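1. build the 3D model from these lines:
(2 chains)
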Amino acid sequence: MARYVVNRLTQAIMLLVIVSAIGFAILHMAPGGPLSQFAASAQMTQEDLDRVTKQLGLDRPLPIQYVDWFGRMLKGDWGKSYRDGEAVLSVISSHLGATLELMATATIIAVLLGCWIGILGALRRYSLFDTLATVGAMIALSIPTFWFGLVTIYVFSVKLGWLPAGNRQTVGDGSLLDLLHHLIAPAMVLALVETAMWGRFMRSSMLEVINQDYIRTARAKGIPEWRILTVHALRNALLPMITVAGLQFPTLLGGALVAETVFTWPGMGRLFLDSIGYRDYPVVMGILMFSATMVLIGSLLADILYAVVDPRIRVG
Amino acid sequence: MATATLSTVQLAPGQAAWRRFRRHRLALAGAVIIVVLVLGSAFGPYLLPFDDTYIDIMKRFAPPFSGAHILGTDELGRDVLARLMMGGRVSLSIGIVAMVMAMAVGIVVGAFAGFYGGAVGAVLMRLVDAVLCFPTIFLLLALAALTEPGLVTTTVLIAATAWMAVARVVEAQVRSLREREFAVAALAFGSSNLRIMFRELVPNAIAPIVVAATLNVAKAILLESYVSYLGYGIQPPAASWGNMLNNAQIYLTSAPWLAIAPGLAITLAVTSFNFLGDGLRDALDPRMNIP
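-> Predicted coordinates for the structure are as follows:
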């Protein structure tokens, strides 16, 4: 077990180095380099620009700059926002709560609903329910999230007036009820794609398990059907879902960006888009690196957790 | 005579695949819808009396099915149907061209990684893993923010964020096919490595490649709609299905039809390509069972 964890950890660190190199390359692809924002200012002479370039060490060879940049990233120095000079990491962390709230709610909805649909679909394979669920999941995966958001706003805010059309809370309010009221629509929209993915994976995992020999053995032993399903089938079918949690994490983050934009939700995704609008490259790159690191850690945790619950993994 | 018999025997797998594909009614429906969308976008604009960029302020916000404008007009009085068709040209072309580019990169990377294995393979596949760490929309927007938006940039950037899945598929295929007799035979004949890779191995992995390509078109159309909706893809006055939804949110109360038609078009196109890919997977290789 320890060897598996060390192996997987080494892989993750290697990956982080490549990921950061890609991030660094993108940062330097910016037209005019990392200083383009200041170069555009009329108050900055070429002389100033040369001096700042030297001060920031941007005249050194790229590999050395990269090592320096990577070292500062590890120490938590992610640069400062062009917009207001705030440290990038603190800008990100002040928006992270809203995003995590949205992602966690959507994930809970998606796991409960998706697993239920997937299990039922697998048990009644090719029934009307299963067919509708399979087709529905495919359509759900094909709908642009932002458009589903617009439709949701139109139906539930414009027509029915049940839900607010955006924001995290009413100005001046902020009670738990008000927060929940604002959370429903964006969480629902974000949960759509997630539910479809969980449903599809759950269905195929359950189908694989219920056709195994040990299920037939359990039936032959005369164990009641509900006990076979819950104790023998479900427990084994749920194991691979740990991997799914890691796999769909990038999609969840991307979906959150879109949902936050449509519902003016003050999270990291919206911050990212705003920063792009302001050409605030340090924040853009910071969020890009932050989200990639989150994905990396997510898949690392999923793999390790899977190895903990399923001993076959760490041997093979 | 002998060749004729031989050719029918060779056709059999194709016929079997076609039979399996036909059974997948949703895939068939998807194929029909794709043909309709392509023909509609290609020839539709010639049948309409309106130009997609013609601004008619006097007729702005005309609702659908009222008078000459079948799907109504937008905030500048432009005909929505004409924009939908011209937007279809852009969105579908981006979907297909970006797919071709992503396939080219993915096939080359996957073939080299799978064929050479070892250090080369490890480095290439770790690169694939690393790019996959970035959530696609984040990476796409960051790259779009650094470049001048437009048709070519948008297509290239979508391809740049969509080739990794293909590389993984091709790598796995080539790695297993490399050991087969026909590949060893080609090596014994003195074929070059490049020739073995791209004339022997890759063509034998055509089934999963075709499936990946079809699903890739769906993904590219979806990505185009995201970046254009967010304002970093196709720029007005040119229409795309994504950028038609750009202003739709502001007018959601007064002119909801502006949001409906392009959104339905995207969903229809993406769903069709996804079902087509699903059907092709069942038809071409019944053993593949990726959820």
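2. find me the pLDDT at residue 127, would you?
-> Just so you know, I chose chain A. Looking at A:Ser127, its pLDDT reads 89.
3. not quite, go with chain B.
-> B:Leu127 carries a pLDDT value of 92.
4. tell me how far it lies from B:Val105.
-> Distance of B:Leu127 to B:Val105, computed by CB to CB, to the nearest Å: 11 Å. (Each C-beta comes from the backbone N, C-alpha and C, glycine too.)
5. one more: A:Arg219?
-> According to CB to CB, A:Arg219 and B:Val105 sit 50 Å apart.
6. buried residues in the strand or helix carrying A:Met206, which are they?
-> Following DSSP states H and E, one finds A:Met206 within helix A:176-210. Going by neighbour count (16 or more other CB atoms under 10 Å in any protein chain shown), the buried part of helix A:176-210 is A:181-183, A:185-207, A:209-210.
7. against chain B, which of those make the cut? List them.
-> When contact is defined as CB under 8 Å from any CB of the partner chain, these meet chain B at A:200-201, A:203-204.
8. adding pLDDT, write the residues you listed out as a markdown table.
-> A markdown table is the format used below for these (pLDDT from 0 to 100):
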| residue | pLDDT |
| --- | --- |
| A:Arg200 | 92 |
| A:Phe201 | 93 |
| A:Arg203 | 93 |
| A:Ser204 | 91 |
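9. for the residues you listed, which one is nearest B:Ile94?
-> Taking CB to CB as the measure, B:Ile94 sits nearest to A:Arg200 out of these, at 26.6 Å.
10. neighbours around A:Gly57, how many?
-> 11 (other CB atoms under 10 Å in any protein chain shown).
11. using the three-state scheme, assign it.
-> With DSSP: H, G, I helix; E, B strand; the rest coil as the basis, A:Gly57 sits in coil.
12. that one and A:Gln65 touch, don't they?
-> Yes: counting by CB atoms under 8 Å, A:Gln65 is a contact partner of A:Gly57 at 6.5 Å.
13. give me the nearest residue to B:Phe275, chain neighbours excluded.
-> Residue nearest to B:Phe275 in three dimensions, not counting chain neighbours: B:Gly30, with 3.8 Å by CB to CB, 6 or more residues apart in numbering or on different chains.
14. correction: A:Tyr214
-> In space, and not counting its chain neighbours, A:Tyr214 is closest to A:His232: 6.7 Å by CB to CB, 6+ apart.
15. with B:Val270 instead?
-> Distances taken as CB to CB, 6+ apart place A:Ser142 nearest to B:Val270, at 3.9 Å, with adjacent residues excluded.
16. okay, the one you found: pLDDT?
-> Confidence score, pLDDT, at A:Ser142: 93.
17. and the gap between it and B:Gly277?
-> 11 Å.
18. which neighbours do these two have in common?
-> Contact criterion CB atoms under 8 Å, 6 or more residues apart in numbering or on different chains; residues shared by A:Ser142 and B:Gly277: B:Ala218.
19. residue ranges in the stretch 151-291 of chain B under the pLDDT threshold?
-> B:285-291 (pLDDT under 70).
20. 90 - rerun?
-> Where the stretch 151-291 of chain B drops to pLDDT under 90, the residues are B:176, B:178-197, B:199-208, B:231, B:233-239, B:243, B:246-261, B:278-279, B:281-291.
21. for it, which residues are neighbours of chain A?
-> The interface of the stretch 151-291 of chain B toward chain A, taken as CB under 8 Å from any CB, is made up of B:218, B:222, B:225-226, B:229-230, B:232, B:242, B:245, B:248-249, B:252-253, B:256, B:259, B:262-263, B:266-267, B:270-271, B:274-275, B:278, B:289, B:291.
22. which of the helices or strands spans residue 97?
-> This is for chain A. Applying DSSP H and E, one finds A:Gly97 within helix A:88-123.
23. you answered for a different chain; I wanted chain B.
-> Using DSSP H and E, B:Val97 maps to helix B:80-116.
24. that helix close to chain A?
-> No: Helix B:80-116 is not in contact with chain A by CB under 8 Å from any CB; minimum separation 11.1 Å.
25. what are the ranges of the helices in the stretch 1-150 of chain B?
-> B:2-23, B:25-47, B:80-116, B:118-133, B:136-146 (DSSP state H, counting those that start in this stretch).
26. was I right to think B:Ser225 contacts B:Ser91?
-> Yes: proximity of B:Ser225 to B:Ser91 meets the contact threshold set by CB under 8 Å, at 7.0 Å.
27. any common contacting residues for the two?
-> Joint contacts of B:Ser225 and B:Ser91 (CB under 8 Å, 6+ apart) are B:240-242, B:266.
28. now list the buried members of the residues you listed.
-> Buried among these by 16+ other CB under 10 Å: B:240-242, B:266.
29. ok, so of those residues, who is nearest A:Ile297?
-> Closest to A:Ile297 out of these is B:Gly242 (31.7 Å), distances taken as CB to CB.
30. I'd assumed B:Leu222 was in contact with the closest one.
-> No: judged on CB under 8 Å, B:Gly242 makes no contact with B:Leu222 at a distance of 9.2 Å.
31. give the residues shared as contacts by those two.
-> A:144, B:266.
32. find the centremost residue of chain A, please.
-> Geometric centre of chain A, nearest residue: A:Leu253, 2.6 Å, by CA atoms, centre = their mean.
33. an error on my part: the question was meant for chain B.
-> The centre of chain B sits closest to B:Val217, judged by CA atoms, centre = their mean, with a distance of 1.0 Å.
34. ok, so what distance separates the residue nearest to A:Tyr214 from A:Met1?
-> 25 Å.
35. neighbour count: those two, which is higher?
-> A:His232 (19 against 12).
36. quick one, what contacts the more buried one?
-> A:214-215, A:218, A:223.
37. helix/strand/coil for it?
-> Assignment for A:His232 (three-state DSSP): helix.
38. gap between it and A:Thr217?
-> Separation of A:His232 from A:Thr217 (CB to CB) stands at 9 Å.
39. how many other residues sit next to B:Leu124?
-> Per other CB under 10 Å, the neighbour tally for B:Leu124 reads 21.
40. model confidence score at it, please.
-> 93.
41. so it sits right up against B:Phe115, yeah?
-> No: counting by CB under 8 Å, B:Leu124 does not reach B:Phe115; the two are 10.6 Å apart.
42. chain B contacts on the stretch 1-150 of chain A?
-> With CB under 8 Å from any CB as the criterion, the stretch 1-150 of chain A comes near chain B at residues A:14-15, A:18-19, A:22, A:26, A:29-31, A:135, A:138-139, A:141-147, A:150.
43. still on that earlier bit, just the buried ones among the shared contacts of B:Ser225 and B:Ser91 now: which is nearest B:Arg23?
-> B:Arg23 has its nearest neighbour among those in B:Ile266, at 27.8 Å by CB to CB.
44. kindly confirm my reading that that closest one is in a strand.
-> No: per three-state DSSP, B:Ile266 lies outside any strand segment and is helix.
45. so how far is B:Gly77 from it?
-> Taken as CB to CB, the span from B:Ile266 to B:Gly77 is 23 Å.
46. try B:Phe182
-> In this view, B:Phe182 and B:Gly77 are 63 Å apart by CB to CB.
47. before we move on, what SS does the closest residue to B:Asp129 other than its chain neighbours have?
-> Distances taken as CB to CB, 6+ apart place A:Leu15 nearest to B:Asp129, at 5.8 Å, with adjacent residues excluded. Per three-state DSSP, the local secondary structure of A:Leu15 is helix.
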